[in-house]
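>>> A predicted structure for the sequence below; I have some questions about it.
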Amino acid sequence: MKTIQFVILTFLCAYLVSTVSQAGDYDGSKPLIFSVKTVLECTPNGESHIVTAEEMEIPQFLMVDFKKMTISPLPPIAGRRDTIIKRMERINGKLFLQGADGGIENVRDGVGWTAEISEDTGRAVVTASGDDVGFVIFGACLPR
């Protein structure tokens with residue numbers, strides 16, 4: 001569960017949009033700071049509710065490093081591993097990132113995730129899924 005929260009928060013930090021950003025800031029050529037705005041948690045019975053980053057125990061800001069293909073908490077958190085970006089692709093003015101994270105050792109909390117970042121605005125949507133839970137995270141990115 002904490003891994004899911006970490007991944008979600010990482011991409012939500014990317015949702016913070018700067019009005020002075022120029023084209024190319026969100027195409028994967030520059031590192032981004034991702035800010036979590038809204039997290040929607042969904043369960044198999046059809047219930048969903050908004051949760052905070054604090055409730056999910058995830059950082060409010062994440063660093064997306066395209067050269068290293070990693071996502072990490074900002075500021076760094078001792079003992080917290082980086083999330084690895086396994087795939088990155090640009091399609092129709094959007095940057096898509098995908099990965100999976102095993103979570104905390106000896107805890108069944110691994111998730112798969114996909115993030116979409118608008119190359120025009122830096123707005124982002126992240127989806128993550130694990131055992132009997134799904135998350136939709138809305139956020140924004142800011143060039144670092």
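Nice, thanks for sending it over.
>>> And the lowest mean pLDDT element among the helices and strands of this structure?
Least confident helix or strand, the chain: helix 2-12 with a mean of 52, by mean pLDDT, DSSP states H and E.
>>> Could I get the buried residue list for whatever helix or strand comes next after it?
The first helix or strand that comes after helix 2-12 along the chain, using DSSP states H and E, is strand 32-42. Buried residues in strand 32-42, counted by 16 or more other CB atoms under 10 Å: 32, 33, 34, 35, 36, 37, 39, 41, 42. To be clear about C-beta, it is placed using only N, CA and C from the backbone, and glycine gets the same treatment.
>>> Could you do stretch 43-55 as well?
51, 53.
>>> swap in stretch 80-93?
Per 16+ other CB under 10 Å, stretch 80-93 contains these buried residues: 81, 82, 83, 85.
>>> Please apply the same query to stretch 26-33.
In stretch 26-33, counting by 16+ other CB under 10 Å, buried: 26, 28, 30, 32, 33.
>>> next one: stretch 69-78
Counting neighbours by 16+ other CB under 10 Å, stretch 69-78 gives 69, 70, 71, 72, 73, 74 as buried.
>>> ok, which stretches of this protein are helices?
Assigned by DSSP state H, the chain shows helices spanning 2-12, 53-56.
>>> Could you list the low-confidence segments of this protein?
1-23 (pLDDT under 70).
>>> Check this protein for me, the residue farthest from its geometric middle.
The outermost residue of the chain relative to its centre, with distances by CA atoms, centre = their mean, is residue 45 at 24.7 Å.
>>> how close does that one get to residue 130?
To residue 130, residue 45 is 16 Å away according to CB to CB, to the nearest Å.
>>> still on that earlier bit, can the buried residues of stretch 80-93 go into TSV with extra columns for distance to residue 98?
Formatted as TSV, the buried residues of stretch 80-93 follow (distance: CB to CB, whole Å):
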residue	distance to residue 98
81	18
82	15
83	11
85	7
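>>> With respect to residue 110, which of the residues you listed is nearest?
residue 83 (11.3 Å; CB to CB).
>>> Bridged to that closest one, which residues?
For residue 83, the beta-bridge partners are residue 71 (DSSP bridges).
>>> Endpoints of stretch 123-139, how far apart?
The straight-line separation of the ends of stretch 123-139 (CA to CA, to the nearest Å) is 6 Å.
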